[in-house]
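1. below are the sequence and a predicted model for it; my questions follow.
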Amino acid sequence: MEAAIGVLVSQFKAYAGRDGSSDFVKRPHCHLMDSLDENREGELTFLEFWLLIGRLANQHGGFHQ
């Protein structure tokens, strides 16, 4: 699990660094991502990104909320 977390963190940092900011990822327009972008600035913080990963894993695994 630690390796998987490491991959997610490094992926976030790689995409966040493309726009010159290591704290945010520009997000494409997507309903699920819209619901996570709490301040509606068009970017996801690492916490918002982590919530996205959790929701996607939950859906993929067929778990109920």
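-> Now that the structure is in, tell me what you want to look at.
2. so which strand or helix has the residue nearest the centre of the chain?
-> Nearest to the mean C-alpha position of the chain, by Cα atoms, centre = their mean, lies residue 49 at 1.9 Å. Element membership for residue 49 (DSSP states H and E) is helix 46-61.
3. centre of the chain to that helix, how far?
-> Its chain's C-alpha centre and that of helix 46-61 lie 7 Å apart, by Cα atoms, centre = their mean, to the nearest Å.
4. what's the mean pLDDT across that helix?
-> Per-residue pLDDT over helix 46-61 has a mean of 86.
5. do stretch 15-29 as well
-> Here the average pLDDT along stretch 15-29 is 74.
6. alpha carbons of that stretch, in PDB - could you do that?
-> Written as PDB, here are the backbone C-alpha positions of stretch 15-29 (Å, rounded to 0.1, in the frame of the first residue of the first chain):
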ATOM      1  CA  TYR A  15       1.100  17.100 -13.000                       C
ATOM      2  CA  ALA A  16       1.000  19.900 -10.500                       C
ATOM      3  CA  GLY A  17       4.500  21.000 -11.600                       C
ATOM      4  CA  ARG A  18       3.400  21.500 -15.200                       C
ATOM      5  CA  ASP A  19       1.700  24.800 -14.500                       C
ATOM      6  CA  GLY A  20       4.500  26.100 -12.200                       C
ATOM      7  CA  SER A  21       2.600  25.400  -9.000                       C
ATOM      8  CA  SER A  22       3.400  22.300  -7.000                       C
ATOM      9  CA  ASP A  23       0.300  22.600  -4.800                       C
ATOM     10  CA  PHE A  24      -2.500  22.400  -7.400                       C
ATOM     11  CA  VAL A  25      -3.500  20.400 -10.500                       C
ATOM     12  CA  LYS A  26      -5.500  22.000 -13.200                       C
ATOM     13  CA  ARG A  27      -8.600  19.900 -13.600                       C
ATOM     14  CA  PRO A  28     -10.500  19.100 -16.800                       C
ATOM     15  CA  HIS A  29     -14.200  19.700 -16.700                       C
END
